[in-house]
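# Everything below, folded, please.
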Amino acid sequence: MFDLPPEVYEPDSKGFLDGSARIALQVEPRFHKYFFIEKNPKRCAELENLKDEFPDKKGDIIIEPEDANTYLQKFCRTIDWRTRRAVMFLDPYGMQVEWETIRAIGATEAIDLWILFPLGVAVNRMVTKDGEIIDAWRRKLDIMFGDTGWYDEFYRESVTQSLFGQTTGFKKVANFDSIGQYFVRRLETAFYQAAPNPRPLYNSRNNPLFLLCFATGNARGAPIAMRIANHILKG
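Residues are numbered from 1 along each chain as shown. Model (predicted):
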């Protein structure tokens, strides 16, 4: 069991996540199919209501009441992507997206990915100042980043002098920017290209909650996709 920080459930945080399905359905020109994956029964019911709100797209809305990691990994590996393209938006409540899911998406070489990286609502708070991270949090960070190298990036060895001699420990050197850039570099290992400057999304107290990140998996479409993404990310 993993407890998310309470900030995930603040109104500011939820405001970034609510409505993404509706926005996708409003995009013109429209997509051929819309896949919405939501394990929570209540939110699934809310998604079902969108079929009435967008009757012209009702037959093209597919709602999957499953775990997103399980469903997406299977989806990416069983579809023939040679003649298909897709845009995917991952908006998790916290750190639910596993690196294996991101890697499966990139391996299709056909999906452009938008993802809300939980910079301030989870990751920065779990990366403690003294490097003493509880096992459950450390495992969660390993699964999200897909490696253990984040620790060496975020900490430096620290020597403290006291009356009893020297004490060796670790000190956090990471900040919001370096944590975000580390995630971008991880995206670059799974996709053809990742946007270098993700857009921070702030709460009403001007604290960054999420980073809006973009990566493209298709080499041929990358120049256009990156131009569009960079324009959006600049705001």
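# Strands of the chain, start to end?
34-37, 61-64, 86-90, 111-117, 155-162, 165-172, 193-194, 199-202, 208-216 (DSSP state E).
# Need the contact partners of the longest helix along the chain.
Assignment by DSSP state H gives helix 176-190 as the longest helix of the chain. Helix 176-190 is contacted by residues 99, 102-103, 105-107, 113, 117, 119-120, 123-124, 127, 145-147, 150, 153-154, 174, 194-196, 198, 200, 208, 211, 213, 215 when judged by C-beta atoms under 8 Å, 6 or more residues apart in numbering. Using the backbone N, CA and C atoms, a C-beta is placed for each residue, glycine as well.
# so it versus strand 111-117, what angle?
With axes from the mean of the first three to the mean of the last three C-alpha atoms, to 10 degrees applied, the angle from helix 176-190 to strand 111-117 works out at 160 degrees.
# Now helix 176-190: buried residues?
The neighbour-count check on helix 176-190 (16 or more other C-beta atoms under 10 Å) flags 179-184, 186-187, 190 as buried.
# what do you get for stretch 217-229?
Using 16+ other C-beta under 10 Å as the burial criterion, the residues of stretch 217-229 that qualify are 217-218, 222, 225-226, 229.
# Equivalent analysis for stretch 47-66, please.
47, 50, 54, 57, 61, 63-65.
# Could you do stretch 19-37 as well?
21, 24-25, 34-37.
# residues in contact with stretch 68-82?
Residues from elsewhere that reach stretch 68-82 (C-beta under 8 Å, 6+ apart): 35, 37-39, 64, 88, 90, 92, 96-98, 100-101, 104-105, 107-111.
# Mark which of those residues are buried, thanks.
Buried among the contacts of stretch 68-82 (16+ other C-beta under 10 Å): 35, 37-38, 64, 88, 90, 92, 96-98, 101, 104-105, 107-108, 110-111.
# pLDDT wise, what is Glu157 at?
With respect to pLDDT, Glu157 scores 93.
# Let me know how buried it is, in neighbour terms.
Applying other C-beta atoms under 10 Å, we find 9 other residues in the vicinity of Glu157.
# which residues does it contact?
168-171.
# Same check on Arg138?
Taking C-beta under 8 Å, 6+ apart as the test, what Arg138 contacts is Tyr151.
# Now for Lys33: which residues touch it?
60, 62.
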